[in-house]
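Student: 3D model of this:
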Amino acid sequence: MKNLVKWFGIIALIAVFGLSMAACNDDSGSGSGGGGGGSAGLVGTRWNYVITEGGITVTVYYTFTANRFSYGETFSYGGGAHSEGGTYSFNGKSGTLIFDDGDKVSFTVNGNKLTTYARKGKNEKDTVFTRQ
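Tutor: Residues are numbered from 1 along each chain as shown. Below is the predicted model:
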């Protein structure tokens, strides 16, 4: 009888453990950041786009924290660096960058590539950044 109670106790523990694992929500890779929020998939990442012309290399980059992004440019000759930032929303595949001046840029993420899409009426092109 004692062995029977012992086995029921072990089975009950296994059932509780199994059900608690099944109830866990695995948020890896997903993310929704409404209202300036971020996504675990972007937090702490840096994305670069490198242009070399006339012996000068320009690195354009985005970095992401939980609530904000930074955008900047650095130059191989060491001068003229530029940076700005804002908030963003991201649903795990696509999102919107909302610059502090109100400009908005749509983007998508696919693997190690982040693509920003040209804004209408701007002298821009779609740009593919690589995760660093």
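Student: Can you show me the helices along this protein?
Tutor: Defined through DSSP state H, the helices belonging to the chain, from first to last, are 2-23.
Student: which stretches of it have low pLDDT?
Tutor: Applying pLDDT under 70 to the chain picks out residues 1-40, 120-121.
Student: ok, 50 please
Tutor: Within the chain, the ranges that satisfy pLDDT under 50 run 4-38.
Student: can you pull out the strands in it?
Tutor: For the chain, the strands defined by DSSP state E occupy 46-53, 56-64, 68-75, 82-90, 94-99, 104-110, 113-116, 127-131.
Student: Buried residues in stretch 80-96, which are they?
Tutor: Within stretch 80-96, the residues that qualify as buried by neighbour count (16 or more other CB atoms under 10 Å) are Gly85, Gly86, Thr87, Tyr88, Ser89, Phe90, Gly92, Gly95. Bear in mind the C-beta positions are built from the backbone N, C-alpha and C, glycine included.
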